[in-house]
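Chemist: below is the sequence, then the predicted model.
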Amino acid sequence: MSSNLSFVLNKPGDVSFEERPKPTIKTPHDVLVAINYTGICGSDVHYWVHGAIGKFVVKDPMVLGHESAGTIVEIGEAVTTLKVGDRVALEPGYPCRRCQNCTAGKYNLCPDMVFAATPPYDGTLAGYWVAPADFCFKLPDNVSQQEGALIEPLAVAVHIVKQANVKPGNSVVVMGAGPVGLLCAAVAKAYGATKIVSVDIVQSKLDFAKDFASTHIYTSQRIAPEENAKALLELAGIPDGADVVIDASGAEPSIQASIHAVKVGGHYVQGGMGKSDITFPIMAMCIKEMTVSGSFRYGPGDYSLAVELVASGKVDVKKLITGTVEFKQAEEAFKKVKEGEAIKVLIAGPNETLLSAVPSCGRPLPRIGMEGSSVHTWHDAERVPVRPPWAPEIPQIKIREGLGRACGERSVWPSLGGASFDAVPTAAAHGGHVSGHHAGAAEALALLCGIAPEQTQARKSALG
Ligand SMILES: NC(=O)c1ccc[n+]([C@@H]2O[C@H](COP(=O)([O-])OP(=O)(O)OC[C@H]3O[C@@H](n4cnc5c(N)ncnc54)[C@H](O)[C@@H]3O)[C@@H](O)[C@H]2O)c1
Ligand SMILES: OC[C@H](O)C(O)[C@@H](O)CO
């Protein structure tokens, strides 16, 4: 039986798990999605700790979460673009589509926006979610559901970088190396920026940024903002200023340094959200005739571009995933994020079972089968066309050249397990089966379990 267990914020610091009624499709254009993975965003943590962000106050119990990917389990009768079994990233805010902002192509600024986990609206940390089909973005075969959950913050970064009008060869300074800042750096790189400077006050975040997308890192000092700006520009070899500066910290000193770091005629984008009112260096802004833009969530084309950036390998969002926890560990995961111990933590489920839980899940283990370049989950004797919601997912694995004769270099998606293909022998050890459904498939699977080519045949039969 599938569950609509939901992670509910009752009041600041007080959360509970609640079995809520399974939602139903409301219009012929809606789809019902089984939630597979949800990332924890700073705003979820903020609601959990403070119960409010600006004018949005949690007055009634609210389901948290808005960074989700899932599997379509039902479609409305007018839906033609998606089918049951499609894996999708969920855009979590639904505008009215009729107001001036919506019709002007700025639906993210719709005053009647219904946004997940922004009070009074429930979020996606539940078993199921109903969404308009055009706000569900199909994940290509080489993009996992875990990566799918990162499409939301990536879309935030895409929107910010579009606002900044980044061009090939530009220098870009990004203040803040949290998930949004890191993703802004990666998107700026994809847009052709050649110098990308990440700035933060936490050295470990900067070390990560340097390995991720940034060409330079600068640790902000407790000195005047002009001095920080000068030092970071000198470090990056752009003493006249950066073409683009993005704030993804929301911190007042960082915003002030940002304005001093923009070159004459350059562009500044405010992505970070902190105090509503701060002291802002208007003189520097005037005399450099810079363009200053705000950026809020994401709009037309941002989600599709985010999916494309991941699918094409231009932004490797997997690197940001610190770990994945079971649904029942959601509160512990929130604590980890609050304490700054993680970049991005994903919550599985609640209809998702991680590898560690497989032996005790009480259900028969699925078989894994491969056809063509895709992998399907089989359950008992019946082929299930999609991974059932309770079967966990494995990240993408490339079959090395020559391993899977029929599969060649193509990517495959194993459908059982947790973090790696270790799931295959684990499944076998617990009575699961692995079988190839065309030449090369079983060999490829066996070899991916770490079995030498000459032992493949024997091991293949041992696996069933
Ligand atoms: N505009 C939008 O639509 C939108 C959407 C999502 C998030 N946000 C905002 O973007 C910001 C970043 O989000 P996140 O999830 O990465 O948050 P985060 O808290 O993980 O990252 C913020 C980073 O800024 C750093 N920082 C703090 N003070 C600094 C300073 N003085 N100089 C340089 N760096 C400093 C922190 O150490 C941290 O690494 C937040 O303010 C968030 O509210 C905006
Ligand atoms: O990424 C989107 C942001 O986190 C949301 O706008 C948040 O502020 C919701 O309340």
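Modeler: Right, received. Where do you want to start? Ligands and ions are numbered 1, 2, ... in the order given.

Chemist: get me the contact residues on the stretch 201-350 of the chain for ligand 1.
Modeler: For the stretch 201-350 of the chain, the contact set with ligand 1 under CB under 6 Å from any ligand atom comprises 201-202, 205, 220, 248-251, 253-254, 271-274, 295-297. Any C-beta I mention is one placed from the backbone N, CA and C, and that applies to glycine too.

Chemist: same thing but at 5 Å, please
Modeler: Neighbours of ligand 1 within the stretch 201-350 of the chain, by CB under 5 Å from any ligand atom: 201-202, 205, 220, 248-251, 253-254, 271-273, 295-297.

Chemist: quick one: which of those residues is most hemmed in?
Modeler: A248 (30 neighbours; other CB atoms under 10 Å).

Chemist: tell me the phi and psi of it?
Modeler: Main-chain torsions, A248, degrees, to the nearest 10: phi -120, psi 40.

Chemist: check Y107 too.
Modeler: Dihedral angles (degrees, to the nearest 10) for Y107: phi -70, psi -20.

Chemist: what pLDDT does it get?
Modeler: Per-residue pLDDT puts Y107 at 98.

Chemist: tell me how many other residues surround the residue nearest to it when sequence neighbours are not counted.
Modeler: Nearest residue to Y107 in three dimensions, chain neighbours excluded: P95, at 4.0 Å (CB to CB, 6 or more residues apart in numbering). Number of residues near P95 (other CB under 10 Å) recorded here: 21.

Chemist: in contact with the residue of the chain found nearest ligand 1, which residues?
Modeler: Using CB to the nearest ligand atom, G178 is the residue of the chain that sits closest to ligand 1, at 2.1 Å. By CB atoms under 8 Å, 6 or more residues apart in numbering, the residues touching G178 are 42, 205, 248-249, 343.

Chemist: relative to K275, how far out is Q256?
Modeler: Computed as CB to CB, to the nearest Å, the Q256 to K275 distance reads 12 Å.

Chemist: settle it for me: which of the two has more neighbours?
Modeler: Counted by other CB under 10 Å, Q256 and K275 do not tie: Q256 has more neighbours, with 21 against 9.

Chemist: state the pair within the contacts of G178 that is farthest apart.
Modeler: Greatest spatial distance in those: S249 and I343, 14.9 Å, computed using CB to CB.

Chemist: show me where the stretch 251-400 of the chain has helices.
Modeler: For the stretch 251-400 of the chain, applying DSSP state H, counting those that start in this stretch gives helices covering 252-261, 282-287, 302-311, 330-338.

Chemist: pick the most buried one from those.
Modeler: helix 252-261 (a mean of 24; mean count of other CB atoms under 10 Å).

Chemist: who are the packing partners of it?
Modeler: strand 171-175, helix 225-236, strand 242-247, strand 262-270, helix 282-287 (3 or more CB pairs under 8 Å, 6 or more residues apart in numbering; DSSP states H and E).

Chemist: okay if I get the contacts of G178 as JSON lines plus distance to ligand 2 and pLDDT?
Modeler: Output for these, formatted as JSON lines (distance: CB to the nearest ligand atom, whole Å; pLDDT from 0 to 100):
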{"residue": "G42", "distance to ligand 2": "7", "pLDDT": "92"}
{"residue": "K205", "distance to ligand 2": "19", "pLDDT": "96"}
{"residue": "A248", "distance to ligand 2": "12", "pLDDT": "98"}
{"residue": "S249", "distance to ligand 2": "15", "pLDDT": "97"}
{"residue": "I343", "distance to ligand 2": "15", "pLDDT": "93"}
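
Chemist: JSON lines for those residues, including distance to W129?
Modeler: What follows is the contacts of G178, written out as JSON lines (distance: CB to CB, whole Å):
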{"residue": "G42", "distance to W129": "21"}
{"residue": "K205", "distance to W129": "31"}
{"residue": "A248", "distance to W129": "27"}
{"residue": "S249", "distance to W129": "31"}
{"residue": "I343", "distance to W129": "24"}
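
Chemist: show me the beta-bridge partners of the closest residue to G294 other than its chain neighbours.
Modeler: The shortest distance from G294 to any non-neighbouring residue, by CB to CB, 6+ apart, is to Q270 (5.1 Å). Per DSSP bridges, the residues bridged to Q270 are D247, G294.

Chemist: tally of neighbours for Q270?
Modeler: So Q270, with other CB under 10 Å, has 21 neighbours.

Chemist: from memory it sits against T291, does it?
Modeler: No - contact status for Q270 versus T291: not in contact, 11.7 Å apart, counting by CB atoms under 8 Å.

Chemist: which regions of the stretch 251-400 of the chain lie under the pLDDT threshold?
Modeler: Counting by pLDDT under 70, the stretch 251-400 of the chain contains low-confidence ranges at 353-400.

Chemist: just to revisit the earlier point, nearest to C99, of the helices and strands packed on helix 252-261?
Modeler: Closest among these, once you apply CB to CB, is strand 262-270, at 23.5 Å.

Chemist: next, the buried residues of the closest one.
Modeler: 262-263, 266-270 (16 or more other CB atoms under 10 Å).

Chemist: ok, and the closest non-adjacent residue to the residue most central in space within the chain?
Modeler: Closest to where the C-alpha atoms of the chain average out (CA atoms, centre = their mean) is L150, at 0.6 Å. For L150, ignoring the flanking residues on the chain, the nearest one in space by CB to CB, 6+ apart is V317 at 3.8 Å.
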